[in-house]
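J.: build the 3D model from these lines:
(chains A and B)
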Amino acid sequence: MTVHNIYIFNKNGNLLYYHEWNRLKQTGMTREEEAKLMYGMLFSIKSFVNKISPVDPKDGFLYYKTSKYTLHYFETLTGLKFVLNTDINAQGVRELLQEIYNQVYVEYVVKNPLLNLSEPIESEIFKAKLDALVKQSPVFLSRVP
Amino acid sequence: MVIYSIYIVSKSGGLIFNHDHSVSKIENEKPFTFPVDLKLKYENKRIIVEFGQKDGIRPGHVLYAVNGKGLTDRQLDDGQDVFEVLENKNNYPLNLKFGRPKMTTNEKIFLASMFYPLFAIASQLSPEPKCSGIEVLEADTFKLYCFQTLTGVKMIAVADRSQNGVESLLKKIYELYADYALKNPFYSLEMPIRCELFETNLKTLLDVMEKSGIANI
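T.: Okay, here's the model as predicted:
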């Protein structure tokens, strides 16, 4: 099991934070372009899910799976979006995303009076705590390359 | 354990076949007094709830009947305009029936061709090399399975979250497609599938699967 990368978007679709752990392939575009493509895809998936759903959805889109990776999606009520790419066998990633929100984002970004919530996160402590939380979770078991 | 619908998308992204297997109907009939505490709007030949929420009626739901009388466009079956009826205080109390809108054929074509770019972008954004597109997509109300054949035709099934064995069902549908659509001399590639044998066999397959599970097909 492994975790590839994380994207955090605010409600307007701006990339607040990006970090990668075991990423084996780059898309060949700048981070900014990649984030826009990612956000655009998630936006379309959300509207697609809303329309194709047989009954009224509540949380809506949860994850999608391809042959090589799984993209997990978690959106807070305030429109903040957490996207975590893992391998296809990962379990309990939604809980991990919730922990990232409760225990890292709220604690070290929302409660930090010096940070502007609409700006990209550059806080060192946020980065360190996020890294620690992901690395100690069972989802993260780094593969030997 | 339900399969909601099946879509087949051609390699160029057009919808060539669609079948709704079990449609879950959500309809709410409630008595209303004057004035109606929902904001209604006439849009795309339907009357939809624009604002307000009440007893399971939510924004986006469509008005289907007034006092048991169905409506087409914005007219009741007896020719009255719906908004005139709703605005007249003497008609109350009224029984209004709302429901989640059914998808029109146009919307289905639109959605099927919308899946195509999502599938492509998902493989482009992959953190690992040589990745396929979306194979399973889960939301809180359904699970969508997609199987792409070597020739680029996509079989898509929308199923209940607890339904298993949908992957093998899609492969079975591919077999039916090969047997009854491709081997039909009157069928031309990339065109909508209008083959009776294909449809009947597909329906039997879905029925068998729902009744006795995936093992029997």
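
J.: centroid-nearest residue for the chain?
T.: Unless you meant another one, I'm taking chain A. Centroid check for chain A by Cα atoms, centre = their mean gives A:V83 as the closest residue, at 2.1 Å.

J.: chain B is the one I meant
T.: B:M103 (5.4 Å).

J.: which helix of the chain spans the most residues?
T.: You didn't pick a chain, so chain A it is. helix A:31-52 (DSSP state H).

J.: actually it's chain B I care about, not the one you picked
T.: From DSSP H, the single longest helix across chain B is helix B:105-124.

J.: where exactly do the strands run in chain A?
T.: In chain A, the strands defined using DSSP state E lie at A:3-9, A:15-20, A:61-65, A:70-75, A:81-86.

J.: oh, that last question was meant for chain B, not what I typed.
T.: For chain B, the strands defined by DSSP E occupy B:3-9, B:15-20, B:27-32, B:39-43, B:46-51, B:62-66, B:69-72, B:75-76, B:94-99, B:136-139, B:143-148, B:154-159.

J.: how about the residues of chain A near chain B?
T.: A:4-5, A:20, A:22-25, A:27, A:34, A:37-38, A:40-41, A:44-45, A:48-49, A:51-69, A:71, A:85 (Cβ under 8 Å from any Cβ of the partner chain). Quick note: C-beta positions are derived from backbone N, CA and C, even for glycine.

J.: most remote residue from chain B's center?
T.: Residue farthest from the centre of chain B, counting by Cα atoms, centre = their mean, is B:N90 at 38.5 Å.

J.: quick one: low-confidence residue ranges for chain B.
T.: B:1, B:214-217 (pLDDT under 70).

J.: what do you get if the cut-off is 80, keeping everything else the same?
T.: B:1, B:23-26, B:212-217 (pLDDT under 80).

J.: and chain A, by the same measure?
T.: Looking at chain A by pLDDT under 80, you get A:1, A:141-145.

J.: quick one: contacts for residue 25?
T.: Here I'm looking at chain A. Contact partners of A:K25, counting by Cβ atoms under 8 Å, 6 or more residues apart in numbering or on different chains, are B:126-129, B:131.

J.: let me rephrase: I mean chain B.
T.: Here B:K25 is in contact with B:G99 (Cβ under 8 Å, 6+ apart).

J.: who is B:Y7 paired with across the strands?
T.: Counting by DSSP bridges, B:Y7 forms beta bridges with B:N18, B:I156.

J.: show me which residues of chain B sit near chain A.
T.: Residues of chain B found near chain A (Cβ under 8 Å from any Cβ) are B:4-5, B:23-24, B:26, B:58, B:100, B:103, B:107, B:111, B:114-115, B:117-118, B:121-142, B:144, B:158.

J.: highest mean neighbour count out of the strands of chain A?
T.: Most buried of these by mean neighbour count (mean count of other Cβ atoms under 10 Å in any protein chain shown) is strand A:81-86; its value is a mean of 24.

J.: what is that strand packed up against?
T.: strand A:3-9, helix A:31-52, strand A:70-75, helix A:93-99 (3 or more Cβ pairs under 8 Å, 6 or more residues apart in numbering or on different chains; DSSP states H and E).

J.: just checking, A:K81 touches A:F74?
T.: Yes. Using Cβ atoms under 8 Å, A:K81 is in contact with A:F74, at 7.4 Å.

J.: returning to that earlier point: buried only: go through the residues of chain A next to chain B for me.
T.: A:4-5, A:22-24, A:34, A:38, A:41, A:45, A:48-49, A:52-54, A:57, A:60-66, A:68-69, A:71, A:85 (16 or more other Cβ atoms under 10 Å in any protein chain shown).

J.: wait, B:Y116 touches B:Y7, no?
T.: No. Contact between B:Y116 and B:Y7 fails when scored by Cβ under 8 Å: they sit 11.2 Å apart.

J.: so what sits against both of these two?
T.: B:K154.

J.: returning to that earlier point: which of the helices and strands packed on strand A:81-86 sits closest to B:T72?
T.: helix A:31-52 (23.0 Å; Cβ to Cβ).

J.: list the contacts of A:M41.
T.: Taking Cβ under 8 Å, 6+ apart as the test, what A:M41 contacts is B:118, B:121-122, B:125.

J.: that one and A:S47, how far apart?
T.: Distance, A:M41 to A:S47, by Cβ to Cβ, to the nearest Å: 11 Å.

J.: measure A:L96 to chain B for me?
T.: From A:L96 across to chain B, the span is 16 Å (Cβ to the nearest Cβ, to the nearest Å).

J.: mind listing what that residue touches?
T.: A:84, A:133-134, A:137, A:139.

J.: quick check: closest non-adjacent residue to B:I193.
T.: In space, and not counting its chain neighbours, B:I193 is closest to B:F17: 4.3 Å by Cβ to Cβ, 6 or more residues apart in numbering or on different chains.

J.: I'd say that neighbour and B:K108 touch.
T.: No. With contact defined as Cβ under 8 Å, B:F17 does not count as touching B:K108 (10.4 Å).

J.: any shared contact partners between those two?
T.: Common contacts of B:F17 and B:K108 (Cβ under 8 Å, 6+ apart): B:Y7.

J.: more neighbours: which of the two?
T.: For B:F17 versus B:K108, neighbours defined as other Cβ atoms under 10 Å in any protein chain shown are more numerous around B:F17 (22 against 17).

J.: residues contacting the more buried one?
T.: B:6-8, B:192-193, B:198.

J.: could you report the neighbour count for the residue nearest to B:V82 when sequence neighbours are not counted?
T.: Nearest residue to B:V82 in three dimensions, chain neighbours excluded: B:R74, at 5.1 Å (Cβ to Cβ, 6+ apart). B:R74 has 15 neighbours, counted by other Cβ under 10 Å.
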